[in-house]
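Undergrad: Got a sequence here, can you build the structure:
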Amino acid sequence: MGSEGESYFGKHGEPQKYDPTFKGPIHNRGCTDIVCCILFIVAIIGYFIVGIVAWSHGDPRKVIYPTDSRGQFCGQAGTELEKTPFLFYFNIMKCASPLVLLEFQCPTTQICVEKCPDKFMTLLKAYANPSDMDYYKKFCKPEFAGMTKLSAPEVLRDGYCPAMLIPSRPFTRRCFPALRAKKGVITVNNHTTFDDGMGERRNVTDLLEGAKKANVVLEARQVAMKIFEDYTVSWHWILLGLVIATVISLIFVVLLRFLAGIMVWVMIVLVLLVLGYGIFHCYMEYAALKQTPGADVSIRELGLLTDFTVYLQLRQTWLAFMIILCIIEVVIILLLIFLRKRIVIAIALIKEASRAVGHVMCSLIYPLLTFALLALVIAYWAITAVFLSTSNEPVYKVFPNNTNNESSCIYSRKTCDPQTFNTTNMTKACPDAKCLFAFYGGETYYHKYLIFFQFYNVFLFFWCANFVTALGQVTLAGAFASFYWAFKKPDDMPAFPIFTSLGRALRYHTGSLAFGSLILSIVQVIRVLLEYLDHKLKGHQNKFTKFLLCCLKCCFWCLEKFIKFLNRNAYIMIAIYGKNFCTSARNAFFLLMRNIVRVAVLNKVTEFLLFLGKLLIVGSVGILSFFFFSGRIKPIEDTAPTLNYYWVPILTVVIGSYFIAHGFFSVYGMCVDTLFLCFLEDLERNDGSQERPYFMPDTLLKALKKKNEAKPSE
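TA: Model prediction:
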C-alpha cells in the first residue's frame, strides 16, 4: 500500500509539507513571466497604433448614409448633398439581378434626391408638358440641367434620366415603390400594370421582385425597427426589472452571509417550486389551446417567422417547453438525492465563503471595476472594427445598361474610373455601359494588409478581455486566501485585502496574467476561425469535411473549457505563492489530481448550488416580467406598454438579470474555488495536532469529521 501511495503521489507531485512560517499569501515575491509582460505591453502599443491608423483612414458615414453611383453620401451634413437624403434608383427592376446578392450593389444608376417621387410619370410624357418636366428633372443627374436640347431618346441613351417615375416611399433612406395590396392583388397607383417608359406595359410584380432584391435585408430591418420601437417604449420598465434583479441578488447575498445553510435549502426548494409552476403553466396553456383552430400545426410546418408570438399559439410549443422543464426538474431531484451527503459539506464551504465575503465586503463592488474595464475593451474593439471596415476607398465597375448583354461586354464587372471612363476603349467596346460605384476596397499597401489589421483587432480584443478577467480572478483570490490563512480573523488580515491583492497582482504578476490570457486567446481565435470556415464552406463541403470541422470545433471547445479551469486555479496559486504561470498551473493541477474525488464531487456540487441561486433569481424576475409585459397582472394591466413583440423586454430582463446575478455569484464562485484550494492544502499541510492545527473553521471540520486537538491548559 505504501509503494502504491508513493507511486500515486510521484505521478502527481509531492503533498505540501508543513511550514510554520506560512501565513497565507507570500509577501516577499518577485516579478514573474517578464518576457510575456513586455510582449503584452508591446502588443497594447501596437493595438493603439492600429486604432490610430484605422481612425485616420476609416469613415463610419459609410455605415450611416446610403451612397449614390459616384460613392457620395446622401444627406451628409456639410456637403452639396446635405439636402438630398434619399437614394433613388433609376430602374429598380434591374435590382432583381443576381448581381445584388453577389456584390450588394444594384446595377442601375442611383442618385440622391430631396424626396421620393409621389406620382407616376414617364420621360416621354414629361417632355410634352413643361411643368411635368420641371418636376422630372429633380430625379435626373445634375449634369442634365444644361442639356435641355437633347431629345428623350438621347437622354435615355446617355442615361441622364430614368425612363419612368413610380410613386415611392422612403425606407432606410432609400426610395422603394409604394406597392399596395388590394383584395390580395399587388397594385401601384391603383393599377396592376404600368408603362415602363420604353413603350411597353409591365406587370407590377416586376417592381415587387426588384424591390425585394434591392433591399435583401428588408424583413430583417423591419423586425429590427419593431424591436427598436419596443425598446423605446419599454426601456424604463426594463431598467426597473434589472434594478429589481440587483436588489434581489443583493438581498440573497446578504442573507447567505447570516443564513447560508437555511438559504441553500430554501433556494433548492424554491427552484423546484418555480420549475414546478413552469410545468403547470405550460400544461394549462397546452390544454387551453386544445379547441383552438390551427393550434395543432407543427413548428416544422410553420417554418421560421419573424413574428415569434405566433409560436405561442401552437400547442407543440408549450408541449416542448413542458418537456424541457420536466427534464430539468427530474435531473435536479436525482442530483439532490445522490449528492445529499456532499451537499452538507458544500453548504459548510458556502457558509465559510459567506464569512469571507462578509470580512471582504469590497469584493461585492470589485466586479463593477471588471465590468467597466471589459466595457472599455469592447468599446475600443467595436469602434476600431467599424473604422477598419469603413477605411476602404470607393471602387467603380463597368455595368452594361442592359443586363442581358453582360456576356457580350468584355469589360463587364471590370474596375473603371468615372472621371476618364468616357475617354477609354471601354465605351467603344460596350457603348451602353456605365461606370458605377460598386463597393469599397482599395489597392494601396494599407488596404492589402487590412485583413491583418482586422485579425489583430480581434486577437487583441480576446487577449485584453481575458487579461481583465484574469486580473479580477487573481485579485479576489488573493483577498480570500488572506482570509482563510488568517488564524485570528480579522486581526491577521490586511486592512484593505482587495486593494492589497490588486496592487500585488499588477506589480508582480502582469506577465503571468498576460501569459495565461494569451494561451486562452489563441484557442478562442482558432475557434472563431473554425466557425468562419464552417460558415464560408456551408453548402460546399462533403460529409468528411463536415465531420472533420465538427470534430475540430468540439475538441477546441473542450480545450477552451479545460484551459479556463486550469487558468482559474493557476491564478489562485499565483495569488498565494507568487510563482510564475507554468509553475502555478502545474502545482494547482497536481493538487487537484491528488484530491480528484473531492474536486469531481464537492467542488461541482458547490457550483451546482450557486447555479441554482442564479436560476432562482433569473426565474423569479423572468416570471414577473412575463406576467407584466404580457398584460396578465389585472390591477396594473393598463400600465404595461403596448409592444410589437412582448418577448423583447422579457428576454432583455432575463438576460440582464442573469448577468447581474452572475456578477454577484461570480464573487462567491471565486471565493469558493479559492477556499477549496486552501482547504485542500490545509489538509496536506496540517493534521489537527497542537503543533499543526487546521486553519479551516469548525463547520468544515465537523462536516469532514475532523477536529483540532485541544491545548493542555484547556
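Undergrad: Okay, strands next: where are they in the protein?
TA: Using DSSP state E, the strands of the chain run over 86-89, 110-113, 121-122, 164-165, 168-171, 174-177, 180-182, 185-187, 193-195, 201-203, 393-400, 415-416, 433-441.
Undergrad: elements contacting the fourth one?
TA: Contact analysis of strand 164-165 by 3 or more Cβ pairs under 8 Å, 6 or more residues apart in numbering; DSSP states H and E lists strand 121-122 as its packing neighbours. Using the backbone N, CA and C atoms, a C-beta is placed for each residue, glycine as well.
Undergrad: quick one: strands adjacent to the strand it packs on?
TA: strand 164-165 (antiparallel) (DSSP bridges).
Undergrad: what is the mean pLDDT for the partner strand?
TA: Taken as a whole, strand 164-165 has an average pLDDT of 86.
Undergrad: picking that back up, mind telling me which of the strands of the chain the model trusts least?
TA: Averaging pLDDT over each of the strands of the chain singles out strand 185-187 as the lowest, with a mean of 47.
Undergrad: Apart from its chain neighbours, what residue comes closest to Gly241?
TA: Once its chain neighbours are removed from consideration, Gly241 has its nearest residue in Val653; the separation is 3.9 Å (Cβ to Cβ, 6 or more residues apart in numbering).
Undergrad: Could you report the distance from that neighbour to Arg507?
TA: Remark: distance between Val653 and Arg507 (Cβ to Cβ, to the nearest Å) = 41 Å.
Undergrad: These two - which one has more neighbours?
TA: Val653 (27 against 10; other Cβ atoms under 10 Å).
Undergrad: Quickly note the distance from the residue nearest to Gly241 to Leu242.
TA: Here the distance between Val653 and Leu242 works out to 7 Å (Cβ to Cβ).
Undergrad: which ones are touching Lys397?
TA: Arg413, Lys414, Thr415, Cys416, Cys435, Leu436, Ala438 (Cβ atoms under 8 Å, 6 or more residues apart in numbering).
Undergrad: ok, what's across the strand from it?
TA: Beta bridges link Lys397 to Thr415, Leu436, judged by DSSP bridges.
Undergrad: all helices for the stretch 251-400 of the chain, in order.
TA: When assigned using DSSP state H, counting those that start in this stretch, the helices of the stretch 251-400 of the chain occupy the ranges 299-302, 315-338, 340-359, 366-389.
Undergrad: If we ignore the residues flanking it in sequence, what's nearest Leu612?
TA: Val271 (4.9 Å).
Undergrad: Quick check: the one you found touching Phe611?
TA: No - using Cβ atoms under 8 Å, Val271 makes no contact with Phe611, being 9.5 Å away.
Undergrad: neighbour count winner among these two?
TA: A direct count of neighbours by other Cβ under 10 Å for Val271 and Phe611 places Val271 higher, at 21 against 15.
Undergrad: export the helices of the stretch 251-400 of the chain to CSV and tack on distance to Tyr135, mean pLDDT and mean neighbour count?
TA: Formatted as CSV, the helices of the stretch 251-400 of the chain follow (distance: least, Cβ to Cβ, whole Å; pLDDT from 0 to 100; neighbours: other Cβ atoms under 10 Å):
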stretch, distance to Tyr135, mean pLDDT, mean neighbour count
helix 299-302, 47, 69, 11
helix 315-338, 53, 87, 15
helix 340-359, 73, 78, 21
helix 366-389, 39, 86, 16
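Undergrad: Dump the ones you listed into a markdown table; add distance to Phe399 as well.
TA: Rendered in a markdown table, the data for those read as follows (distance: least, Cβ to Cβ, whole Å):
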| stretch | distance to Phe399 |
| --- | --- |
| helix 299-302 | 40 |
| helix 315-338 | 47 |
| helix 340-359 | 66 |
| helix 366-389 | 24 |
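Undergrad: how close does Ala152 get to Tyr532?
TA: Ala152 is 51 Å from Tyr532, where distance means Cβ to Cβ.
Undergrad: Could you check which of the two has the larger neighbour count?
TA: Neighbours per residue (other Cβ under 10 Å) separate Ala152 from Tyr532, with Ala152 holding more: 17 against 10.
Undergrad: State the distance from that one to Ala375.
TA: In this structure, Ala152 lies at 59 Å from Ala375, with Cβ to Cβ as the measure.
Undergrad: With Ile365 instead?
TA: Ile365 is 16 Å from Ala375, where distance means Cβ to Cβ.
Undergrad: Done for today, thanks.
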